[in-house]
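# what would the 3D arrangement of this be:
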Amino acid sequence: MPPTPATHLAISSRLVGEPVELGAGRARAALTLLPEMAADDRGLVHGGFAFGLADYAAMLAVNHPLVVLASSSVQFLAPTRVGDRLVAEARVVEETGRKRRVEVEVRRGEEKVARGDFLAVVPDRHVLDPKEPV
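I've put the predicted structure just below:
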């Protein structure tokens, strides 16, 4: 039975992956790259899909219903193609107040295809809720 996340409950597993493992401050998510993700006729997949998987894994590592991404720095290390199965491993490496710094590695088998540093924030209300008047 797959793990049950507490965040991003309405997200499409076809586009950003599915949770494989969840634990305190860590997560793994996997995504199989689909033909509609291709950037060209040779099957090269747009890097945004590997980024989306990494971002989703980072949010799962925090696993709070209100967590949002504040910033990120990602390096793409190898190209990906249609049919590849990517696995992202994320771990919270620092927690300061509402901020969580999460390191993520994305692999295709044993090969690292991307790595990143994500800054997540856990606000006290949903980011789409109106701000209260001062």
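# longest helix in the chain, please.
The longest helix of the chain (DSSP state H) is helix 47-62.
# and the strand or helix carrying Val92, what other elements does it pack with?
Here Val92, judged by DSSP states H and E, is contained in strand 85-96. Secondary-structure packing of strand 85-96 (3 or more C-beta pairs under 8 Å, 6 or more residues apart in numbering; DSSP states H and E): strand 26-32, helix 47-62, strand 99-108. (Each C-beta comes from the backbone N, C-alpha and C, glycine too.)
# so what strands line up beside that strand?
strand 26-32 (antiparallel), strand 99-108 (antiparallel) (DSSP bridges).
# a markdown table please, covering those and showing mean pLDDT.
Output for these, formatted as a markdown table (pLDDT from 0 to 100):
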| stretch | mean pLDDT |
| --- | --- |
| strand 26-32 | 98 |
| strand 99-108 | 98 |
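# so what's the backbone phi/psi at Val68?
Dihedral pair for Val68: phi -140, psi 160, per degrees, to the nearest 10.
# bridging residues for it?
Note on Val68: beta-bridge partners by DSSP bridges are Val121.
# what's the distance between it and Val127?
5 Å (C-beta to C-beta, to the nearest Å).
# which of those two has more neighbours?
The residue with more neighbours, out of Val68 and Val127, is Val68; 15 against 9, by other C-beta atoms under 10 Å.
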